[in-house]
Structures are given as structure tokens and as C-alpha cells.
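Student: The sequence and its predicted three-dimensional model are supplied below.
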Amino acid sequence: MRGAAVVWMACFHFAFDLNHFGWIQQDFYRDPVWTGQRTVIVSLFLLCAGMGQALALHQGLSWPRFWRRWAQVAGCALAVSLGSWLMYPRSFISFGVLHGMAVMLLILRLAGPRLSNWLAVGLGALALALPSLFSHPFFDSRWTNWLGLVTHKPITEDFVPVLPWLGVMLWGFALARWLLAKHSLLLSGGLPKIFEPLAVLGRWSLSFYMIHQPVLIGLLTLVQYLRPWAT
């Protein structure tokens, strides 16, 4: 699942980059064709992250190992902020998908063992609904918008606040625990060879996430530089 999300994300970002270079004309910020795809891609990543935490707790993942992985996610989030500030200083990413994931993973690691599946599903539904039920201008600044209770979406290239997205991760957590209890065979055994490349991408999703955009932008910049010479 995560590997499929990685492929979809790369295709989405490639189209975004083509638009940035002016080779296509699309509205990635308002067109439902693109905003809908972004929502599904982010949902897949957070659903898988929630499922991964359930599997980690089931396998007795230690706190030191959790902190090592968490530090990787948080460090990459800071790198994304710096890189986006250099490229988009007026709309840099202050709380994107990696920032949100770092906070939500910590919440789930602390609260997850204390939640029943039904409570996780209920809290997930509440998290998804809360931004529609309550918002306040106090939460519109870059220092507070990470909570998600904003009155309007901030000007940024990526925005994945804790609310409502924690709800998706909680549902993934509950789903994996239910599968472990009722259908454990679905989460074990071999994988058809046709899906092995996706599994590799899924295991290296963070590395791919950090590398693919610099590579795509670098290649497109090179092509743009060479185009006048080709003509």
C-alpha cells in the first residue's frame, strides 16, 4: 500500500513540477482533480503509518528504536522546511506531511496501547469532524495552524495539520489491530512477485520521498537548459 502511494506521489509531483516550469497549465491548488489526488495520497501514507504503529506495538518495538525512526522523520521534516523556503520563500512548508507524521506518531505511540479499537475509531471520527465544527483566528498563524483548527488554509506548498489527519492514522491503527486479531494471515506470508518492487519502495519510502523531488527538479532544470541548444 505504501509503495503504491509512493508511485502515485511521484507521478503527482512530476506533474506539479511540469506545471512549475510552465510546460503544462494546471491549478494544483483549487482544481478537484489535483486536490482530490493529494487527499488520497496523504490518506494512504497516514493510513499505512497508523497500521505500521499497530504492527510495531504488536511486535514489541522498543522505545529506543522508535526514537531513532522518529528522529529520521523529524529531521527530514526540518530539511523539507529549509528546502521549500529556499525554493518558495513566500509559501514554504512549515507543517507538511512529515511534520504532521512526526507529531501524530508520537501521539499514537503514547496513546495507542491504551485505546480499544472502537475508541480509536471513535476518536478518529472526532478528529476528522472537529475542524468543521470549530475554528478560530487564533489558529491561523504559522505557530498554531499545525493543530488544524484554522479559519482558512494557509499559503503553503504542503499543509497536513494534526486535525483532521490524526483521524486517518487512528483508523489505520485500528484496522491493523483488527486484522491482527481476526485475519492475521493477511498480514503475513509471501508476496506475489509482481508486487515486490512496490514493497521495496514501501520499505524505503522516506528515503525516496526526500530524494525524488530534487532529482525530478534537477532533471527538468537540465532539460529546460538544453532545450534552446536542441533547437
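Tutor: Yep, that arrived. Everything quoted here is computed from the prediction, not taken from an experiment. Numbering: from 1, shown residues only.
Student: ok, how many other residues are close to Gly190?
Tutor: 6 (other Cβ atoms under 10 Å). The way it works is simple: take the backbone N, C-alpha and C, and place the C-beta from them, glycine included.
Student: mind checking pLDDT for it?
Tutor: Looking at Gly190, its pLDDT stands at 77.
Student: now the helices for this protein?
Tutor: All helices of the chain, identified by DSSP state H, fall at 2-20, 32-58, 63-87, 97-111, 117-133, 162-182, 196-203, 205-230.
Student: okay if I get the ones you listed as JSON lines plus mean neighbour count?
Tutor: Shown next, in JSON lines, are the helices of the chain (neighbours: other Cβ atoms under 10 Å):
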{"stretch": "helix 2-20", "mean neighbour count": "17"}
{"stretch": "helix 32-58", "mean neighbour count": "18"}
{"stretch": "helix 63-87", "mean neighbour count": "14"}
{"stretch": "helix 97-111", "mean neighbour count": "20"}
{"stretch": "helix 117-133", "mean neighbour count": "16"}
{"stretch": "helix 162-182", "mean neighbour count": "21"}
{"stretch": "helix 196-203", "mean neighbour count": "14"}
{"stretch": "helix 205-230", "mean neighbour count": "13"}
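Student: In CSV: the ones you listed, plus mean pLDDT and distance to Thr144.
Tutor: Formatted as CSV, these follow (pLDDT from 0 to 100; distance: least, Cβ to Cβ, whole Å):
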stretch, mean pLDDT, distance to Thr144
helix 2-20, 96, 27
helix 32-58, 96, 21
helix 63-87, 94, 16
helix 97-111, 96, 13
helix 117-133, 97, 13
helix 162-182, 96, 11
helix 196-203, 92, 33
helix 205-230, 88, 26
